[in-house]
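1. need coordinates for the following:
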Amino acid sequence: MQPPLPETLLSSFKRYQNHNILPTGVVHPFENAASESSVLVQDLIKATTSLSTALNAYSSTPWSNPKLVSLLRQNASIAHTLHLSDKSGQQFITALRERSGVTYGESIPVDPVVVPEWCISRLEYWGASVGMETFKDDRREGDVIAIVLGGKVVVVDIDFAFDRENPLKPIIKVLNVKTSYAIASNGSSHNDPRSISLDTCLAESIQNFCIEVQRDENVRSPLEAARLGKNVLEQLKYLVVLDALAQSGGIKWFVDIHELGHVLEEFARSEAKSVASSLSVAQAPLDIFLLRSHSLPLPYTVSPSVSFLTYLTPQAYLSLLREGPSKAVDDHASHLDISLPHLRSNLTNGTKGATIATLLIKTILEGPIPPRSMTIPGLTERPTFHLGSNRPTAEHAFPRSTGDVSGLHVWMLDFTQGGKYPGIVMSQSRMREIELIVNPLSGMEGNMLSFRTGSWVDLLLNPGTPESSETYTSVYTSPTGLHPPLHLRLTAPEEPGFLLQQVPVQNMREVWGTLEVVREQCWLNGVLSGRDWSFDKLESGLGDGVMTEVKEEELQAILTGTYPTHRIPVNVSLPGSSDDPIFGEGDLDSMSMSVPRRPKITMTFPERPPMSGLVEITVTFDESKPRGVAVEVRGAMGADIKLDVLEEISRRGGTLGLCGRVWIK
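-> Reported below is the predicted structural model:
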């Protein structure tokens with residue numbers, strides 16, 4: 001291999017001129033590239049210092065020999081040309097490798113006879129590519145082939161069964177997957193360190209790939225096969241990360257998540273019972289469960305770790321409810337109206353409107369080290385545990401690396417599912433609240449997330465463009481025609497927004513607290529994203545500038561208050577917490593988080609003629625209410641309003657249509 005070229009004054013800064021290297025967006029601690037951006041800034045500072053030192057050395061050198069100066073210029077020109085050529089080739093290769101969304105799919109053999117053997121070869125290739133030893137044992141009785149993927153500690157045995165009833169199209173399927181561990185590294189032992197859930201997760205991932213590639217040629221999708229294969233590869237890659245940590249720290253890196261998953265599932269069942277009991281139903285509705293209790297733990301669903309279902313939009317919940325079985329089919333889902341197997345299968349394939357957080361180990365080669373976890377009474381009151389259940393695992397600390405493994409290993413709560421999604425739109429105040437949960441002492445360092453223009457609503461409703469608007473408009477039409485169209489006018493709050501991608505955590509208290517804040521933001525995002533919004537414009541049909549003749553009957557109707565209403569103007573506002581003392585400059589006493597700051601949406605519209613005045617409806621996220629939301633109506637004198645009915649409508653996704661319901665009363 002050719003040694004790298006020595007650095008010159010020009011080449012030392014050449015890589016920083018590439019627009020793909022320097023971050024183009026807002027950099028904050030809770031994004032995927034936070035550590036890389038920090039390292040890049042440090043390298044830039046070092047390069048600047050080296051350049052300054054070199055220029056000072058050259059400035060003190062006497063340049064009296066013209067021939068020497070000419071030779072130095074020639075040498076600099078040649079070296080610079082070589083660097084340009086080398087960097088151009090590297091950038092070209094990097095651009096080809098890092099193209100997003102470009103894949104050519106799996107090269108599935110055309111002959112169905114060789115597809116089963118090809119599936120096994122792909123699994124062997126994936127195991128070898130992540131650094132695992134692969135062994136193939138085809139000497140067993142019958143049509144059974146065993147593949148062994150071995151690391152330093154973890155060993156994965158995979159049994160494949162062949163069905164050769166049709167010799168022209170044999171079928172292969174996963175018969176069994178079993179993980180085992182070598183427990184001689186640190187002398188620790190466990191009664192049953194094997195995780196059945198992990199085995200099932202690996203088996204289903206491999207089986208899904210085999211099913212897709214063995215479909216008929218006119219039905220199967222090479223792109224879907226590539227996606228399923230990448231999923232298997234990512235799972236094996238994560239096992240290798242844990243394997244390297246277990247080599248020096250023991251199998252606690254595998255067993256801890258396995259045992260934690262059982263405790264979390266039991267905790268979720270207890271909260272589901274409380275929700276079902278408060279509603280006097282046998283099974284707790286999943287959407288209400290997510291609003292009132294903590295996130296639903298789903299171990300080994302997205303990856304070989306614990307995932308948390310944090311929020312479901314009303315549309316996503318109703319879709320899962322209608323497509324799923326009528327009754328829960330397993331003990332884990334006996335207190336939820338959607339069975340966990342049905343939920344897991346949909347979340348694995350990707351469900352629009354579902355917010356999932358996954359607890360993962362990530363390797364940071366360089367960058368800032370997250371501070372030690374701490375709890376300051378009166379400052380970090382998250383999580384709340386409103387349902388009165390005990391706090392199991394609240395202070396459960398995750399394993400920490402001993403430093404023998406290269407790089408810094410940090411537990412991350414990932415909201416992008418491995419980079420598949422951009423993240424969650426968060427307001428500045430809630431980002432700041434998450435920061436105080438994972439690092440309470442950061443409150444004395446000032447508000448570091450305040451340098452951004454625009455509103456978080458712009459990032460939610462108008463993503464991908466730098467444009468911002470003070471107001472957004474939308475038209476809500478009643479599906480049954482009960483009331484005139486609602487012309488919604490949303491005033492964007494003067495609070496910047498950010499994309500939350502990952503949060504470093506060290507124990508379950510930080511996980512629960514972070515997910516509570518994210519759940520509240522997702523509720524706001526879900527309500528606003530349920531409508532199609534546009535920039536504040538005059539809607540067509542409201543006036544075209546042409547004078548029309550007004551009849552005497554219409555004038556009398558206006559004077560008497562009997563003129564029919566063609567539209568109902570509604571002003572929508574989001575009372576935020578950006579003015580809360582916790583997010584401003586204040587002492588430690590003023591930063592107490594003991595008072596809940598629940599998100600809310602306020603809608604104001606005129607009374608129905610002939611009444612005069614305004615009606616104000618406030619919908620608040622409130623986990624203490626039976627449906628997770630609280631509705632308050634001010635005005636509407638003489639109207640027969642049932643708040644529980646309005647809360648049910650809001651739960652079903654009709655929050656922005658409540659004004660019409662109240663208006664017709």
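
2. contacting residues for the spatially closest residue to Arg652 that is not a sequence neighbour?
-> Among residues not flanking Arg652 along the chain, Pro314 sits closest, at 5.5 Å (C-beta to C-beta, 6 or more residues apart in numbering). Yep, even glycine has a C-beta here, placed from its N, CA and C like the rest. Contact analysis of Pro314 by C-beta atoms under 8 Å, 6 or more residues apart in numbering lists Asp287, Gly526, Gly530, Arg651, Arg652, Gly653.

3. farthest pair within those residues?
-> Taking C-beta to C-beta as the measure, those span a maximum distance of 13.6 Å, between Asp287 and Gly530.

4. between those two, who's got more neighbours?
-> The residue with more neighbours, out of Asp287 and Gly530, is Asp287; 24 against 18, by other C-beta atoms under 10 Å.

5. tell me the contacts of the more buried one?
-> Contacts of Asp287 (C-beta under 8 Å, 6+ apart): Leu312, Pro314, Tyr317, Gly628, Arg651.

6. restricted to helices, list the residues you listed.
-> The helices, defined by DSSP state H, take in Pro314, Tyr317, Arg651 from these.

7. export the residues you listed to CSV and tack on pLDDT and distance to Tyr104?
-> Formatted as CSV, the ones in helices among the contacts of Asp287 follow (pLDDT from 0 to 100; distance: C-beta to C-beta, whole Å):
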residue, pLDDT, distance to Tyr104
Pro314, 93, 38
Tyr317, 93, 36
Arg651, 92, 45
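
8. what is the burial count for Pro479?
-> Here the number of neighbours of Pro479 (other C-beta under 10 Å) works out to 7.

9. Leu614 too?
-> Leu614: 12 neighbours (other C-beta under 10 Å).

10. for it, phi and psi?
-> Main-chain torsions, Leu614, degrees, to the nearest 10: phi -120, psi 150.

11. please name the bridge partners of it.
-> Pro606 (DSSP bridges).

12. can you pull the contacts of it?
-> Residues near Leu614 by C-beta under 8 Å, 6+ apart: Thr604, Phe605, Pro606, Glu607, Gly635.

13. among those, which one sits closest to Ser293?
-> Taking C-beta to C-beta as the measure, Ser293 lies nearest Thr604 of these, at 32.3 Å.

14. any idea how far the closest one is from Ile568?
-> Noted for Thr604: a distance of 11 Å to Ile568, by C-beta to C-beta, to the nearest Å.

15. just for the stretch 451-600 of the chain, where's the confidence low?
-> Applying pLDDT under 70 to the stretch 451-600 of the chain picks out residues 451-453, 466, 536-565, 576-596.

16. returning to what we had before: of all the contacts of Leu614, which two lie farthest apart?
-> Going by C-beta to C-beta, the pair spanning the contacts of Leu614 furthest: Thr604 and Glu607, at 11.0 Å.

17. give me the more crowded residue out of the two.
-> Thr604 (18 against 15).

18. ok, now how distant is that one from Leu290?
-> Note on Thr604: its distance to Leu290, by C-beta to C-beta, is 29 Å.

19. just Glu217 next, same as before
-> In terms of C-beta to C-beta, Glu217 sits 42 Å off from Leu290.

20. closest to Ser50 among the contacts of Pro314?
-> Gly526 (50.6 Å).

21. how about that closest one, what does it touch?
-> Tyr311, Thr313, Pro314, Gly353 are the contacts of Gly526 under C-beta under 8 Å, 6+ apart.

22. would you turn the residues you listed into JSON lines with distance to Ile147?
-> Listed next are the contacts of Gly526 as JSON lines, based on distance: C-beta to C-beta, whole Å:
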{"residue": "Tyr311", "distance to Ile147": "39"}
{"residue": "Thr313", "distance to Ile147": "41"}
{"residue": "Pro314", "distance to Ile147": "44"}
{"residue": "Gly353", "distance to Ile147": "38"}
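
23. quick one: which of the residues you listed is most hemmed in?
-> Going by other C-beta under 10 Å, Tyr311 tops the contacts of Gly526 with 25 neighbours.

24. my read: that one touches Thr355, true?
-> Yes. Counting by C-beta atoms under 8 Å, Tyr311 touches Thr355, with 4.2 Å between them.

25. find residues that contact each of the two.
-> Val518, Arg519, Cys522.

26. got CSV for those, with neighbour count too?
-> Output for those, formatted as CSV (neighbours: other C-beta atoms under 10 Å):
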residue, neighbour count
Val518, 25
Arg519, 22
Cys522, 26
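
27. so which of those residues belong to strands?
-> Taking DSSP state E, every one of these sits outside strands.

28. about what we covered before: Glu217 and Leu290: which has the busier surroundings?
-> Per other C-beta under 10 Å, whichever of Glu217 and Leu290 has more neighbours is Leu290, with 25 against 8.

29. helix/strand/coil for the more buried one?
-> helix (DSSP: H, G, I helix; E, B strand; the rest coil).

30. so who does it touch?
-> Counted by C-beta under 8 Å, 6+ apart, Leu290 has contacts Leu296, Leu309, Thr310, Tyr311, Leu312, Arg519.

31. next: Pro299.
-> Listed by C-beta under 8 Å, 6+ apart, the contact partners of Pro299 are Ser197, Ile257, His258, Gly261, Leu264, Glu265, Ser305, Val306, Ser307.

32. repeat for Gly660
-> So Gly660 contacts Tyr476, Ser478, Leu482, His483, Pro484, Leu486, Ile568 (C-beta under 8 Å, 6+ apart).

33. now with 7 Å, please.
-> Contact partners of Gly660, counting by C-beta atoms under 7 Å, 6 or more residues apart in numbering, are Ser478, Leu482, His483, Leu486, Ile568.

34. in the top helix by length along the chain, what's buried?
-> Determined from DSSP H, the single longest helix within the chain is helix 66-97. Buried residues in helix 66-97, defined by neighbour count with 16 or more other C-beta atoms under 10 Å: Ala79, His83, Lys87.
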